[in-house]
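Trainee: got a sequence here, can you model it:
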Amino acid sequence: EVQLVESGGDLVQAGESLRLSCTASGLNLEYAAMGWFRQAPGEEREGVSCINWHSTAYYKDFGTGRFTISRDNAKNTLYLQMNSLKPDDTAIYYCAARYGECSDSLRAYTSWGQGTQVTVSS
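Mentor: Residues are numbered from 1 along each chain as shown. All right, here's what the predicted structure looks like:
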């Protein structure tokens, strides 16, 4: 059974940074595409960033230049470094996994974590 556990969410002020982590078990990250998604109150879940099994990274426009996705296959852990945080970044952040390539479709991901709350105050 695949389990994904996110951590690192916190309450921060605008302009500050956070690093989210997602530790996987039951899954070999070396062969998986791993994505970060987020869901703000009253909004649909949306993609944030994804990294392919061959470490090609993709970002949504709002994260370009501020967010960096990375993976440590030896630790089976996915990271999201978020800098220059804005109040609009407030959301629950989820990691998700699928074998194959990154996808924009949430349905393409077969495993999801429980989420970690990020709150950015102005």
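
Trainee: now the residue nearest in space to the middle of the chain: closest residue in space that isn't a chain neighbour?
Mentor: Centrality entry for the chain: nearest residue to the mean C-alpha point is Trp36, 2.3 Å, by Cα atoms, centre = their mean. Leaving aside its chain neighbours, Trp36 sits nearest to Val48 (4.2 Å; criterion: Cβ to Cβ, 6 or more residues apart in numbering). All C-beta spots, glycine's among them, are computed from the backbone N, C-alpha and C.

Trainee: who touches Cys22 in this structure?
Mentor: Residues near Cys22 by Cβ atoms under 8 Å, 6 or more residues apart in numbering: 4-7, 34, 36, 77-80, 95, 113.

Trainee: I'd like the next helix or strand past the one helix or strand the residue nearest to Trp36 maps to.
Mentor: Take DSSP states H and E as the rule and Val48 turns out to sit in strand 46-51. Next in sequence after strand 46-51, counting helices and strands by DSSP H and E, comes strand 57-59.

Trainee: Ala96 bridge partners, please.
Mentor: Beta-bridge pairing of Ala96 under DSSP bridges involves Gly35, Trp112.

Trainee: isn't it up against Ala24?
Mentor: No. Using Cβ atoms under 8 Å, Ala96 is not in contact with Ala24, being 10.4 Å away.
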